[in-house]
Every structure is written in C-alpha cells, then in structure tokens.
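Engineer: sequence below, structure please.
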Amino acid sequence: MATKTQELLTLEGAKIAIAAAEKKAKEMGLGMNIAVVDASTHLLHFSRMEGAKITSISIAIDKAFTAAGHRVGTHMYKDAVWPGGAAYGLGNTNGGRFTTFGGGLPIMNAKGEVLGGIGASTGTPAQDQQVVQAGVDALQEVLKGRVRAKL
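Structural biologist: Alright, predicted model coming up:
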C-alpha cells in the first residue's frame, strides 16, 4: 500500500474537548491550563483559565505531547519511572518534554488510531486527569455520533 487515509483532529474538535475540560475544571473550582495537540504532537488549541499557574503552561502542552506521541495516558508511567523501574530516565527524553505523571490522555478514534492528545496542569495529577478525561469523553460522544458537531 503506497498511501493511507488518516482521520485528523480539527480545531473544532479540539475546541469541543477544551470546552468540556474547562467546564470540569470550573466544577472542581480550579483554573487550569489545557492543551490539545494533533497526532503529530503539534499544538492545535490552548486555554489558560483564570487562576491557572503560569509555570503549568508548558506542563499542560508537554502532557498532551506525551499522550499523543506515545499513545497512552501520562499516568501510566507513574510506577515505572522510579530508579530501578522499567522506564527509569524516560522523563529526560524528547528534550525533557516526556511527562510521567497524570494529566495527559491520547485522543483516539474508533479504530484505535491516535488523533491527538490533551493535557491539563495546575491541580494535582489526579485533578488534572479528571479534567482531561472530561475533554476526551466529550469528544468521544461527538465521534460516536451521539452529539452533533461539525468536526
């Protein structure tokens, strides 16, 4: 096969994910930095909510980068990156951008292909994880046709 057709995450899709993530953050009483990247790990959309930590901007982007680029949630590395762990030192790769704590999830299509990633930062890793999960869930509802939206 010489070519392959691949679905792309659009700006409209990224906005849907961020809107849902922002809603969840507000419900939790948190201001968050939230980033969505495309399948190539390039920033597609970003939101800095009131009260979000300035130092968390790049962390949110790097969580999305890691989730999309490695096709797994950043929380999956928690136990493997300590000294002696199977992935010890992984956080030093990719120019230090590889993130090994919760708050980043890949955005997948029904075929299991990565469309992008979403990352959030300012809360605890568990709070950040809840926020990005809300973004992924909202976008999945659209992709499954349960919610109408132009993607």
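Engineer: from here on, contacts and neighbour counts on C-alpha atoms
Structural biologist: OK.
Engineer: so what strands line up beside the strand ranked longest in the chain?
Structural biologist: As assigned by DSSP state E, the longest strand anywhere in the chain is strand 114-121. According to DSSP bridges, strand 114-121 forms sheet pairs with strand 33-38 (antiparallel), strand 104-108 (antiparallel).
Engineer: how about the secondary structure of residue 16?
Structural biologist: Following DSSP: H, G, I helix; E, B strand; the rest coil, residue 16 is assigned to helix.
Engineer: once you drop chain neighbours, what's closest to it?
Structural biologist: Of all residues not flanking residue 16 in the chain, residue 139 sits nearest, at 6.3 Å (C-alpha to C-alpha, 6 or more residues apart in numbering).
Engineer: how near is that neighbour to residue 19?
Structural biologist: 10 Å (C-alpha to C-alpha, to the nearest Å).
Engineer: so which of those two has more stuff around it?
Structural biologist: Neighbour totals were compared for residue 139 and residue 19, and residue 139 leads with 26 against 18 (other C-alpha atoms under 10 Å).
Engineer: and the pLDDT for that one?
Structural biologist: Looking at residue 139, its pLDDT stands at 94.
Engineer: quick one, the one helix or strand it maps to and strand 104-108 angle?
Structural biologist: Element membership for residue 139 (DSSP states H and E) is helix 125-143. Orientation check (axes from the mean of the first three to the mean of the last three C-alpha atoms, to 10 degrees): helix 125-143 against strand 104-108 gives 10 degrees.
Engineer: and helix 125-143, what does it pack onto?
Structural biologist: helix 11-27, strand 104-108, strand 114-121 (3 or more C-alpha pairs under 8 Å, 6 or more residues apart in numbering; DSSP states H and E).
Engineer: which residues does residue 37 bridge with?
Structural biologist: residue 43, residue 117.
Engineer: need the contact list for it.
Structural biologist: Residues in contact with residue 37 (C-alpha atoms under 8 Å, 6 or more residues apart in numbering) are 43-45, 61, 64-65, 68, 116-118.
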